[in-house]
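this is the structure alone, sequence omitted:
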Ligand SMILES: C=C(O[C@@H]1C=C(C(=O)O)C=C[C@H]1O)C(=O)O
């Protein structure tokens, strides 16, 4: 039996502080541990910590969150002020490991002391405390009052020079010049390419249909990596993605595992990728004509369409038992991001009342977009061939509210700041492997997926 402290919660409407990526940059007095969920300037920033729960898995987190919510007293004086604002009121941020059986990492759920939220031009602040009196005290820090004394300022700082961790001098930033470049290391990894070739062999031999293989890249920065700095830059450039930071895991993902708002559940499935070329303007990959040609190539690639279909079927099959109606579009559309184009399908469904965002996330994870088909064989294949701890990469990351609504994305295009040495950050990128995959092309795709984080860190 889990026992939860009584929590008092108050939500109030506030003046619009402006796009949250800019607010994050101005949150001078806040802690670098600020929790972040931003998309196109809207979303939530969480400050402070009231409770932290080390979850064993998503189902455990759901049971725990139910207990917490049962012990909550909402003392908002004007509940109408924020009624219907998705994300307002008590909420919890979370980030889950990809595979609890194969990791040294830890899933975490965090209830912040304060949330500053913004959606569609409206804004709110939610405060949480263990006594009602504490809610009557001025919040510390008060990020929406613009009169912070300079002395409390902890500037959101750039990481300085960033380079690949080199085995020879693992503690100092490596040179970005010459042959020892991030590019050289990020583009190709012979060991990973052999794993891809091995996976293709297993798929052609009929042992499985699809497996997602990932690799990592550790960068070392001159100064400790401030996730707020990284998140600000990601949110500005990747406006169609969900920019997140939870407990050292920072990234901007284009893939929504499940969003539940009221009875409506939506999952954005991605699989099938083409890199936007870095060729000079006028060449394929740059400008409208180049993008159109790439989009057409992607949409007509049998390999990518097949890879995509596995991912869509796995999501539709996992959602079906929890939904009374579902719409699965016949064909994908092309989602354009600054670094890549993806085949995308938005599966929408009417969720049964007991199907909370966390319950749906538990049912959907791991989807074929990050694991493979069939799931169990793909999971074993990953453990065997990848030889890497995914930690919280490719696990669900997001938030849930007291009604069970929320958004759980897949933690992609991210990095994990080393808890013991914040100068070090481990980036991840993975690719769906099917019968028609080629190791060198998959390396190029992985390199394109590293790009958002490398650019945000100034190691582009
Ligand atoms: C695994 C990743 O991305 C996934 C794999 C994709 C693919 O192989 O085409 C596309 C989007 C994601 O579902 C990643 O970004 O690390």
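It's in. Predicted, not measured: the structure shown is a model, and the values here were computed from it.

residue 292 - how many residues pack around it?
12 (other C-beta atoms under 10 Å). Every residue, glycine included, has its C-beta placed from N, CA and C.

that one should be in a helix, yeah?
Yes - secondary structure assignment places residue 292 in a helix (DSSP: H, G, I helix; E, B strand; the rest coil).

can you tell me how far it sits from residue 239?
21 Å (C-beta to C-beta, to the nearest Å).

ok, residue 329 next?
Counting by C-beta to C-beta - residue 329 and residue 239 are separated by 23 Å.

who has more neighbours, these two?
Set residue 329 next to residue 239 and count neighbours by other C-beta under 10 Å: residue 239 wins out with 17 against 12.

nearest residue to the more buried one other than its sequence neighbours?
residue 40 (4.8 Å; C-beta to C-beta, 6 or more residues apart in numbering).

burial measure for that neighbour, as a count.
15.

hmm, residue 240 and it touching each other?
Yes - between residue 40 and residue 240 there is a contact at 7.5 Å, judged by C-beta atoms under 8 Å.

contact residues of the stretch 101-250 of the chain facing the ligand?
212, 214 (C-beta under 6 Å from any ligand atom).

and stretch 26-38, how far apart are its ends?
15 Å (C-alpha to C-alpha, to the nearest Å).

residues contacting the residue nearest the centre of the chain?
The structure's the chain has its C-alpha centroid closest to residue 411; by C-alpha atoms, centre = their mean the separation is 3.2 Å. By C-beta atoms under 8 Å, 6 or more residues apart in numbering, the contact list for residue 411 reads 95, 244, 249, 251, 253, 392-397.

with those in mind, which one is nearest to the ligand?
Nearest to the ligand among the contacts of residue 411: residue 394, at 6.1 Å, using C-beta to the nearest ligand atom.

just to be sure, the closest one is in a helix?
No - going by three-state DSSP, the assignment for residue 394 is coil, not a helix.

what count of nearby residues applies to it?
28.

would you mark the buried spots in stretch 316-334?
By neighbour count on 16 or more other C-beta atoms under 10 Å, the buried set for stretch 316-334 is 316, 318-319, 322-323, 326, 328, 332, 334.

which pair of those spans the longest distance?
322 and 334 (28.7 Å; C-beta to C-beta).

mind checking how far the closest residue in space to residue 18 that isn't next to it in sequence is from residue 270?
Spatial nearest neighbour of residue 18, chain neighbours left out: residue 41 (7.7 Å); criterion: C-beta to C-beta, 6+ apart. Distance, residue 41 to residue 270, using C-beta to C-beta: 22 Å.

low pLDDT regions in this structure?
For the chain, the stretches flagged by pLDDT under 70 are 1-3, 27-30, 143-156, 166-186, 278-288, 460.

can you give me the helices for the stretch 351-460 of the chain?
With DSSP state H, counting those that start in this stretch, the ranges of helices along the stretch 351-460 of the chain come out as 357-364, 375-385, 439-456.

out of the ones you listed, which gets nearest to the ligand?
By C-beta to the nearest ligand atom (comparing all of these), the closest turns out to be helix 439-456, at 4.3 Å.

touching the ligand at all, the closest one?
Yes - contact of helix 439-456 with the ligand is found when judged by C-beta under 6 Å from any ligand atom, involving residue 449.

just name the closest of the buried residues of stretch 316-334 to residue 222, please.
residue 334 (38.6 Å).

roughly how far does the closest one sit from the ligand?
Residue 334 sits at a distance of 12 Å from the ligand (criterion: C-beta to the nearest ligand atom, to the nearest Å).

for the ligand, what is the nearest residue in the stretch 51-200 of the chain?
residue 98 (10.3 Å).

distance-wise, check that residue relative to residue 392.
7 Å.

hey, where'd the helices end up in the stretch 51-200 of the chain?
Along the stretch 51-200 of the chain, counting by DSSP H, counting those that start in this stretch, helices occupy 58-70, 132-136, 182-187, 190-204.

check which helices and strands the second one is in contact with.
Pointing back at helix 132-136 there. strand 7-14 (3 or more C-beta pairs under 8 Å, 6 or more residues apart in numbering; DSSP states H and E).

from the chain's centre, how far out does the strand it packs on sit?
Chain-centre distance of strand 7-14: 26 Å, with C-alpha atoms, centre = their mean, to the nearest Å.

list the buried ones in that strand?
Buried residues in strand 7-14, defined by neighbour count with 16+ other C-beta under 10 Å: 7-11, 14.

how about the nearest residue to residue 417, chain neighbours excluded?
residue 248 is the one closest to residue 417 (C-beta to C-beta, 6+ apart), at 4.2 Å.

doesn't residue 421 make contact with the one you found?
No - with contacts counted by C-beta under 8 Å, residue 248 stays clear of residue 421, the gap being 11.4 Å.

who has more neighbours, those two?
Counted by other C-beta under 10 Å, residue 248 and residue 421 do not tie: residue 248 has more neighbours, with 21 against 13.

returning to what we had before: got JSON lines for the helices of the stretch 51-200 of the chain, with mean neighbour count and distance to residue 126 too?
Formatted as JSON lines, the helices of the stretch 51-200 of the chain follow (neighbours: other C-beta atoms under 10 Å; distance: least, C-beta to C-beta, whole Å):
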{"stretch": "helix 58-70", "mean neighbour count": "18", "distance to residue 126": "14"}
{"stretch": "helix 132-136", "mean neighbour count": "12", "distance to residue 126": "10"}
{"stretch": "helix 182-187", "mean neighbour count": "17", "distance to residue 126": "40"}
{"stretch": "helix 190-204", "mean neighbour count": "17", "distance to residue 126": "43"}
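
distance to residue 232 added to these, as TSV?
Converted to TSV, the helices of the stretch 51-200 of the chain look like this (distance: least, C-beta to C-beta, whole Å):
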stretch	distance to residue 232
helix 58-70	28
helix 132-136	29
helix 182-187	21
helix 190-204	31
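
stretch 122-141: which residues count as buried?
In stretch 122-141, counting by 16+ other C-beta under 10 Å, buried: 122-129, 139, 141.

and if you look at stretch 401-411?
Buried residues in stretch 401-411, defined by neighbour count with 16+ other C-beta under 10 Å: 401-402, 404-411.
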